[in-house]
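1. Fold the stuff below for me.
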Amino acid sequence: MSMPAPTLITSLQNDRVKLIRSLEMRKARKETGLFVAEGISILISAREAGWTPRMLVVRSGAAEGVARGLVEWALKAGAEVLEVTEAVLGKIAAKDNPQSLIGVFEQRWAEPPATASVAPGDTWLALEEVRDPGNLGTIVRTVDAVGAKGIILVGTTCDPFAHECIRATMGSIFAVPLVRMTREAFLAWRAGWTGEMAGTHLSGTEDFRRVTYRGPTLLVMGGEGPGLSPELTAACDRLVKIPMAGKLDSLNLAVATALTLYQIRGDALKV
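-> Reported below is the predicted structural model:
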């Protein structure tokens, strides 16, 4: 039996086009549970991670080579494949760097890990009230790179399924489990954590490079500006600091998180 052919769309008033355009807004992403991922490399990452799109949009004439393989993958998976004109694509693609292939996926949220089943070598990251989607996307990519198990978003955070965040992950959004919890729920869950909870803090007394972290390790990082709340600070077993030689007293959140994760994961990353 032959695969269905892509549906040709030339009108900006098409319902599918309107839906995809609406996903630029957080409200629409929340209501539909969908998000957009653009570009061949990100879609390849989705395929390799076992995700399948709800819809795949391809510019007319662009389904050649690797792109053709992605179209066939989407069709075999039962996705709705839309072939659109240049004008339609220009309205739904990112304005700064338009791509010829766009996927629409269902959001996935993971459950908090069962603390009794966390292995001694595991590392989890908790981010409290991170506000910058570019920072969050970069952190998702770093978590993937170091082999940490996932990210817990604590409190009110930016949307990990926003376009800026998805783009910054470079496809790691499909590989890193995301959990969301209120501060109260996180603290209740943390009470069962069998290893160490470490946080970076300006009042930390230990150089983050001089510490032996007792696994499994739960690293908590505060949001841009305010840092960790008093409640999460008090819940830490250890507060560490990143030393500064210049006049600044802190680093960009994504940079600080990357430095600390690589230090924690050092032994696991030896080649």
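2. what about stretch 180-189, distance to the chain center?
-> When C-alpha coordinates are averaged (Cα atoms, centre = their mean, to the nearest Å), stretch 180-189 and its chain have centres 19 Å apart.
3. could you dump stretch 19-31 to PDB, C-alpha only?
-> The C-alpha trace of stretch 19-31 is given here as PDB (Å, rounded to 0.1, in the frame of the first residue of the first chain):
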ATOM      1  CA  LEU A  19      -2.800  26.700  14.200                       C
ATOM      2  CA  ILE A  20       1.000  26.600  13.500                       C
ATOM      3  CA  ARG A  21       1.200  30.400  13.500                       C
ATOM      4  CA  SER A  22      -0.600  30.500  16.800                       C
ATOM      5  CA  LEU A  23       2.100  28.300  18.500                       C
ATOM      6  CA  GLU A  24       4.300  31.400  18.600                       C
ATOM      7  CA  MET A  25       2.200  32.300  21.600                       C
ATOM      8  CA  ARG A  26       2.700  30.600  25.000                       C
ATOM      9  CA  LYS A  27      -1.100  30.600  25.600                       C
ATOM     10  CA  ALA A  28      -1.700  28.600  22.400                       C
ATOM     11  CA  ARG A  29       1.100  26.100  23.300                       C
ATOM     12  CA  LYS A  30      -0.400  25.600  26.700                       C
ATOM     13  CA  GLU A  31      -3.900  25.100  25.300                       C
END
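4. Okay, buried residues for that stretch please.
-> L19, I20, L23, R29 (16 or more other Cβ atoms under 10 Å). All C-beta atoms are positioned from the backbone trio N, CA, C, and that covers glycine.
5. how about those residues in TSV, adding pLDDT and secondary structure?
-> Compiled in TSV, those are given as follows (pLDDT from 0 to 100; DSSP: H, G, I helix; E, B strand; the rest coil):
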residue	pLDDT	secondary structure
L19	94	helix
I20	94	helix
L23	96	coil
R29	97	helix
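6. Now distance to G225 too, for these, in JSON lines please.
-> Converted to JSON lines, the buried residues of stretch 19-31 look like this (distance: Cβ to Cβ, whole Å):
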{"residue": "L19", "distance to G225": "35"}
{"residue": "I20", "distance to G225": "33"}
{"residue": "L23", "distance to G225": "28"}
{"residue": "R29", "distance to G225": "25"}
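7. which among the residues you listed gets closest to P160?
-> For those, the minimum distance to P160 (Cβ to Cβ) is 10.1 Å, reached by R29.
8. Do I have it right that that closest one meets L19?
-> No. Contact criterion Cβ atoms under 8 Å: R29 and L19 do not qualify, at 11.1 Å.
9. okay, and for the chain, where does confidence drop off?
-> Residues of the chain meeting the criterion pLDDT under 70: 1-4, 63, 249, 270-271.
10. Show me the domain layout of it.
-> Here the chain is described, according to automatic domain parsing, as comprising the domains 7-106, 115-269.
11. Go ahead and list the helix or strand containing L127.
-> strand 123-128 (DSSP states H and E).
12. what's the span of stretch 215-232, first residue to last?
-> End-to-end distance of stretch 215-232 (Cα to Cα, to the nearest Å): 19 Å.
13. quick one: buried residues of it?
-> Buried residues in stretch 215-232 (16+ other Cβ under 10 Å): 215-224, 227-229, 232.
14. quick one: the strands in the stretch 101-250 of the chain?
-> Secondary structure of the stretch 101-250 of the chain by DSSP state E, counting those that start in this stretch: the strands cover 101-106, 123-128, 150-154, 178-181, 196-200, 206-207, 217-222, 238-241.
15. V88: how many residues sit nearby?
-> 23 (other Cβ atoms under 10 Å).
16. do the one 10 residues further on as well
-> Here the count is done by other Cβ under 10 Å, and P98 has 15 residues near it.
17. Likewise for T32?
-> Neighbours of T32 (other Cβ under 10 Å): 15.
18. Tell me how far it lies from V104.
-> Counting by Cβ to Cβ, to the nearest Å, the separation of T32 from V104 is 9 Å.
19. shared neighbours, those two?
-> L19, L23 (Cβ atoms under 8 Å, 6 or more residues apart in numbering).
20. Give me the packing partners of the strand or helix carrying V17, helices and strands only.
-> Secondary structure assigned from DSSP H and E places V17 in helix 15-22. Counting contacts by 3 or more Cβ pairs under 8 Å, 6 or more residues apart in numbering; DSSP states H and E, helix 15-22 is packed against helix 26-32, strand 55-59, strand 80-84, helix 86-92, strand 101-106.
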